[in-house]
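[1] One predicted model, sequence on top.
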Amino acid sequence: MSIDLDRVIRALRSQLEAFRALYRGVNAEEASWRPESGGWSLLEILGHIADEEREDFRRRIDYTLHRPDEEWPPIDPVAWVTERDYAGRELADVWADFEEQRKRSLAWLAELDNPDWAAQRTHPVAGPLRAGDLMASWEAHDLLHLRQISHRRHQYISANSGPYSSRYAGDW
């Protein structure tokens, strides 16, 4: 079974537009806000997806397809949030980084010539992963974070609309 690479490229491009739309109008206060219940801020989410774009999906697919004898470089996306001080960055800079990385990914994907999506590596936690599994996960990862960003923006509005309530909008 093959992957329709043109469709995936279109999806990743349109998901970039969705990220752009969700971050449009976000100011520094909203970007750094975290809910009392915990979780990443909008700025931390964006830092995460920028680094994932650069150091996870594109790189690991490349290694799986083109460097089968080389180990994947180690990653720790959860630790990066504090190690790389995502919260201390400027939103515009992090956005520019993510957008540049996504454009590089789209160009790289467009250059792939008849990739072997069945090529496989073994991840120490996830077990066997084919290049096609990584490709499907990349697209799905975007969607998970688009949902997370929408949720965080909803939480921010609900927490910062006082003395008014957003309950009429419905519950998340």
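    Everything's here; your move.

[2] Can you list the helices and strands that the helix-or-strand element of the chain with minimal mean pLDDT packs against?
    Sorting the helices and strands of the chain by mean pLDDT, DSSP states H and E puts strand 120-123 at the bottom, at a mean of 91. Contacts defined by 3 or more Cβ pairs under 8 Å, 6 or more residues apart in numbering; DSSP states H and E place strand 120-123 against helix 58-66, strand 127-130. Where you see a C-beta, it was placed from the backbone N, CA and C, and this is true even at glycine.

[3] List the buried residues for whichever helix or strand comes after the longest one?
    Sequence order places helix 77-83 as the next helix or strand after helix 58-66, per DSSP states H and E. Neighbour counts using 16 or more other Cβ atoms under 10 Å place 80-81 of helix 77-83 among the buried residues.

[4] do the same with stretch 143-157
    So stretch 143-157, judged by 16+ other Cβ under 10 Å, has buried residues 145-146, 148-149, 152-153, 155-156.

[5] can the helices and strands packed on strand 120-123 go into CSV with extra columns for mean neighbour count, distance to residue 13 and mean pLDDT?
    Shown next, in CSV, are these (neighbours: other Cβ atoms under 10 Å; distance: least, Cβ to Cβ, whole Å; pLDDT from 0 to 100):
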stretch, mean neighbour count, distance to residue 13, mean pLDDT
helix 58-66, 19, 14, 97
strand 127-130, 12, 23, 94
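
[6] So for residue 22, which of those sits nearest?
    Minimum separation from residue 22 across these (Cβ to Cβ) falls at helix 58-66, 21.9 Å.

[7] Give me the distance from that closest one to the chain's centre.
    17 Å (Cα atoms, centre = their mean, to the nearest Å).

[8] ok, now stretch 61-68?
    Relative to its parent chain, stretch 61-68 has a centroid offset of 20 Å by Cα atoms, centre = their mean.

[9] cool, stretch 165-172 as well?
    For stretch 165-172 - counting by Cα atoms, centre = their mean - the centre lies 27 Å from the chain centre.

[10] For residue 72, which residues are in contact?
    59-60, 63, 121 (Cβ atoms under 8 Å, 6 or more residues apart in numbering).

[11] Which single one of the residues you listed is nearest to residue 138?
    The shortest approach to residue 138 among these belongs to residue 60, at 9.2 Å (Cβ to Cβ).
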